Each structure stands twice: as C-alpha cells, then as structure tokens.
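Trainee: sequence? don't have it. structure:
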C-alpha cells in the first residue's frame, strides 16, 4: 500500500496507539521523531479511540487502512484495534517491504502499570509486535486532572527520546534483552523530572506472589546519586516506582501457555527523579 520500498539506512520506527491517530500524544511523538531526522518514521494507528480494548483483534469484518498525511512520516489510519494496527504494520504488506526495527505504542493519556496492562490497548499494541518478534515499547503519561495539560505530552515525548535511542543502540549491539518488551510510565510532573538515572530490576512472579529472593538488581551501566529500594510485593513494582517519583518501565513476558496470571516475568527499569 505504501507504493514502493524505500532504500533508507536509518532505522524504521513504527508508531501506534489506542487513543487514535489524531491523538496529541501520538502526534507529538511522531513530530519529535521526524524532527530528529535519525529515523524512518511509520505510523499505523486506529482511526478512532480504542482505549481499554486490551488485546482484542478484529476478525468478523475486513480491516481498512486509509493513508493520512503527517509531515515527514508514512501514516495509515486503520479501522481496528491497536493489536490490529501493530499486526498489520509489521506484516511487510502495509509498508511494502519494510518491517519496523522498533514499534512504539503511545503516548497514552493516563498511566498503564501493574495489572492495568491487561486492559490497556496501548500496551497491547507493543505486546502484539513483541509476540511476532519485533522489539516494542509502550509509553504512557501519568495524566492527572487539574495538574496535567497537553503541553506535558510534548515534554513526555522529549523525555522518552533518550530511552528510544538507548533501545536502538542495544538492538544494534545485540545487547537488548530477548523475550521482553518495555512499558514506560512517564511521571506527571515531567518538567521537573530531569537529569535522571536508570535502575533496572528483574523479578519473577508466580501466582501473584513475589518472594524476596527472586528480586535482584541488574547493572545498566549508568551511575546515579540516589538509591531506590523496592520491597517485593504482589501489587507490582511499577505502581510503587511511580508513587516514588520514578518513570517505571514494566516489561511483561507471556510464556508459551499465554496465561499471564499464572506465570509472569516482569522487569522494571526506573528513572529516578532528582
């Protein structure tokens, strides 16, 4: 549908979401990626708001994809769910001959952490790409009524750009953790959440119980000036990190059984705010 494949040495990033292709979070992120001039930017997003649809797919009716003009990007609006969009976008059919190097779902208006990831269309867009072997990120902004405004979404996109570049670098050097996708939560007061450091933790959750001995710190190679100690709990490390002023990235990995409730591996990377 995209006409002809374009020979472009830059990495291909595909952006999707669940708020719809006209949502400000997606548009700010796409504008930022285009302005960086370091990526080939592709967009495949729902043509209407699909918030809360989870990992639903369309199968009783055909999907349609309509070309949308977004300066500097190749974009399509799809009559389906975020999972539909991700599946179509990575198929090599919509963007002829191109399979994205990285799928980014967001930026969602509202936090998606802990068990909310089961219901989130934003997370589902990233998960769908992950299930087919394409690296993926979900990005959500912790919107608070009375405190947040649309401009904060632009700041959230700017805050996530270094993380996107870090993932691309790890993919290039083959150091990106296999069998995982990242769920990034940007704090509400993003304007004051600068000069951040990174911590990564990995925990194994079985039947919603997280023994302390299963929690370990992973060295990400960045040194910070503060520490964050996470008490193991079944509530979810992402929720506790966000409450403590972190940008938490919950990485959920479904095993071959597909039953997230029984066995779930979760890695969490936290950006400490100073």
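Mentor: Alright, I've got the coordinates. Remember, it's a predicted structure, so these values are computed and weren't measured experimentally. Numbers count the residues shown, from 1 in each chain.

Trainee: residue 106: what's it in contact with?
Mentor: Residue 106 makes contact with 15, 17, 25, 26, 29, 122, 137, 138, 139, 140, 141, 184, according to CB atoms under 8 Å, 6 or more residues apart in numbering. Placement of C-beta: from N, CA and C, glycine included.

Trainee: let me fix that, I meant to ask about residue 152.
Mentor: Contacts of residue 152 by CB under 8 Å, 6+ apart are 141, 143, 188, 190, 191.

Trainee: most neighbours, which of these?
Mentor: Ranked by neighbour count (other CB atoms under 10 Å), these have residue 141 at the top, with 28 neighbours.

Trainee: report the beta-bridge partners for that residue.
Mentor: residue 109, residue 186 (DSSP bridges).

Trainee: my guess is it meets residue 112, correct?
Mentor: No: using CB atoms under 8 Å, residue 141 is not in contact with residue 112; the gap is 9.8 Å.

Trainee: can you give me the neighbour number for residue 24?
Mentor: The tally of other residues near residue 24 (other CB under 10 Å) stands at 15.

Trainee: revised request: answer the last question for residue 120.
Mentor: By other CB under 10 Å, the residues close to residue 120 number 28.

Trainee: surely it and residue 113 touch.
Mentor: No: with contact defined as CB under 8 Å, residue 120 does not count as touching residue 113 (9.3 Å).

Trainee: what is in contact with those two at once?
Mentor: residue 140.

Trainee: what's the spacing between residue 116 and residue 33?
Mentor: 26 Å (CB to CB, to the nearest Å).

Trainee: look at these two and report which has more neighbours.
Mentor: residue 33 (23 against 20).

Trainee: show me what contacts that one?
Mentor: Taking CB under 8 Å, 6+ apart, one finds 13, 15, 39, 41, 73, 161, 164 in contact with residue 33.

Trainee: run the last query once more with 7 Å
Mentor: Contact analysis of residue 33 by CB atoms under 7 Å, 6 or more residues apart in numbering lists 13, 39, 41.

Trainee: state the helix or strand in which residue 59 lies.
Mentor: Using DSSP states H and E, residue 59 sits within no helix or strand.

Trainee: mind checking pLDDT for the nearest residue to residue 82 once chain neighbours are set aside?
Mentor: In space, and not counting its chain neighbours, residue 82 is closest to residue 125: 3.6 Å by CB to CB, 6 or more residues apart in numbering. Looking at residue 125, its pLDDT reads 97.

Trainee: for residue 125, which three-state class applies?
Mentor: Classification of residue 125 by DSSP: H, G, I helix; E, B strand; the rest coil places it in helix.

Trainee: how near is it to residue 115?
Mentor: 18 Å.

Trainee: higher neighbour count, the two?
Mentor: Neighbours of residue 125 and residue 115, each counted by other CB under 10 Å, are more numerous for residue 125; the result is 36 against 16.

Trainee: show me what contacts the more buried one?
Mentor: So residue 125 contacts 16, 17, 18, 82, 83, 85, 86, 105, 138 (CB under 7 Å, 6+ apart).

Trainee: again, only using 6 Å
Mentor: Shown in contact with residue 125 (CB atoms under 6 Å, 6 or more residues apart in numbering): 16, 82, 86, 105.

Trainee: in strands only, show me these.
Mentor: Using DSSP state E, the members of those that fall in strands are 16, 105.

Trainee: closest one to residue 50 out of the contacts of residue 125, please.
Mentor: Of all the contacts of residue 125, residue 50 sits closest to residue 82, with 5.8 Å by CB to CB.

Trainee: that closest one contacts residue 20, doesn't it?
Mentor: No: taking contacts as CB atoms under 6 Å, residue 82 lies outside contact range of residue 20: 10.0 Å.
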